[in-house]
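Engineer: Sequence first, predicted model second:
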Amino acid sequence: MTADDADGILVRVGQVDKEFKRGSEVVHVLGGLDLEIPNGEFLALMGPSGSGKSTLLNLIGGLDRPSEGSVEVGGQRVDQLSARKLATWRARHVGLVFQFYNLMPVLNAQKNVELPLLLTRLSRSERKKRASLALDIVGLSHRAGHYPRQLSGGEQQRTGIARAIVTDPTLLLCDEPTGDLDRKSGDEVLDLLQALNKEQGKTIIMVTHDNHAANRASRILYLNKGQLSIDPVD
């Protein structure tokens with residue numbers, strides 16, 4: 001999938017509402033939100049807790065559906081796909097990086113990175129080759145045989161990034177990727193994300209509370225009360 005629009009827009013979010021039911025209460029998280037993300041952009045989303053940052057990330061990645069409105073990625077209406085087609089689309093086009101790594105403790109780094117490739121028709125040898133390449137990109141070839149408990153927090157997150165890029169996804173979605181790391185390890189992860197953006201042209205959307213992390217992005221938007229703004233939330 002490529003952004004084949006003449007204006008180079010990869011992601012279009014149009015008039016999106018999202019609400020959740022909490023018992024008898026209806027909680028409105030996003031209201032009439034519009035967003036366009038050019039192909040190859042590194043976007044940081046900031047805002048107070050509960051403002052809907054992760055919800056917006058999940059909608060763009062096809063992990064959730066809007067209550068109203070449209071979500072389009074590379075010309076594909078993600079919100080209109082069936083559950084089966086959505087799972088296939090997401091496996092191919094979305095790489096996810098989480099705050100707490102979500103690595104399988106019983107698998108070494110190599111096998112953790114290979115996991116998304118089990119959903120493909122690649123041979124065992126090709127899966128191993130691609131996982132090795134992804135680990136090389138994040139600078140962890142020498143740790144391929146190590147288990148999560150044998151890796152530092154920064155190394156675990158870099159393994160998570162290798163897992164996210166092993167399918168060569170269209171979008172890299174990062175939810176607080178440095179939130180559980182010290183500053184040095186966090187900077188190493190941010191250096192890596194910037195390199196993936198600038199050198200490999202990856203489109204990255206990063207949710208963060210950290211101004212230091214957000215300043216690594218090419219654009220920062222602030223989410224509050226269901227709406228986006230270029231100005232920080234008071």
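Structural biologist: Received the coordinates, thanks. Residues are numbered from 1 along each chain as shown.
Engineer: So which residue of the chain lies furthest out from the middle?
Structural biologist: The centre of the chain is farthest from one residue, residue 24, which by Cα atoms, centre = their mean lies 32.0 Å away.
Engineer: Need the pLDDT of it.
Structural biologist: Predicted confidence (pLDDT) for residue 24: 83.
Engineer: And the helix or strand that contains residue 13, what's buried?
Structural biologist: Here residue 13 is covered by strand 9-22, with elements defined by DSSP states H and E. Neighbour counts using 16 or more other Cβ atoms under 10 Å place 9-14, 16, 18 of strand 9-22 among the buried residues. Every C-beta, even on glycine, is put in place using the N, C-alpha and C of the backbone.
Engineer: after that strand comes which helix or strand?
Structural biologist: Heading C-terminal from strand 9-22 (DSSP H and E), you reach strand 25-38.
Engineer: May I have the strands that pair with that following strand, each with its orientation?
Structural biologist: Here strand 25-38 is paired, per DSSP bridges, with strand 9-22 (antiparallel).
Engineer: Only the C-alpha atoms, please, for the strand it pairs with, written as PDB.
Structural biologist: Coordinates of each C-alpha in strand 9-22 appear next as PDB, following Å, rounded to 0.1, in the frame of the first residue of the first chain:
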ATOM      1  CA  ILE A   9      -1.700  12.200   2.300                       C
ATOM      2  CA  LEU A  10      -1.400   8.700   3.800                       C
ATOM      3  CA  VAL A  11      -3.900   9.000   6.700                       C
ATOM      4  CA  ARG A  12      -7.300  10.800   6.600                       C
ATOM      5  CA  VAL A  13      -9.500  10.900   9.600                       C
ATOM      6  CA  GLY A  14     -12.800  12.600   8.800                       C
ATOM      7  CA  GLN A  15     -15.400  13.900  11.400                       C
ATOM      8  CA  VAL A  16     -14.600  11.000  13.700                       C
ATOM      9  CA  ASP A  17     -16.700  10.600  16.900                       C
ATOM     10  CA  LYS A  18     -15.800   7.900  19.500                       C
ATOM     11  CA  GLU A  19     -17.900   7.100  22.500                       C
ATOM     12  CA  PHE A  20     -17.800   4.400  25.100                       C
ATOM     13  CA  LYS A  21     -20.500   3.100  27.400                       C
ATOM     14  CA  ARG A  22     -19.600   2.800  31.000                       C
END
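Engineer: And the longest helix anywhere in the chain, what does it pack against?
Structural biologist: Assignment by DSSP state H gives helix 183-200 as the longest helix of the chain. Judged by 3 or more Cβ pairs under 8 Å, 6 or more residues apart in numbering; DSSP states H and E, the packing partners of helix 183-200 are strand 42-46, helix 153-165, strand 171-175, strand 203-207, helix 211-214.
Engineer: Going by neighbour count, list what's buried in the shortest one.
Structural biologist: Okay, so that is helix 211-214. Applying 16+ other Cβ under 10 Å to helix 211-214 flags 213-214 as buried.
Engineer: what's the answer for stretch 115-126, then?
Structural biologist: Buried residues in stretch 115-126 (16+ other Cβ under 10 Å): 116-117.
Engineer: cool, stretch 123-139 as well?
Structural biologist: The neighbour-count check on stretch 123-139 (16+ other Cβ under 10 Å) flags 127-128, 130-132, 134-135, 137-138 as buried.
Engineer: Any chance of the backbone angles for the residue farthest from the centre of the chain?
Structural biologist: In terms of degrees, to the nearest 10, the main-chain angles of residue 24 are phi -90, psi 0.
Engineer: which ones are touching residue 31?
Structural biologist: For residue 31, the contact set (Cβ atoms under 8 Å, 6 or more residues apart in numbering) comprises 17, 225-227.
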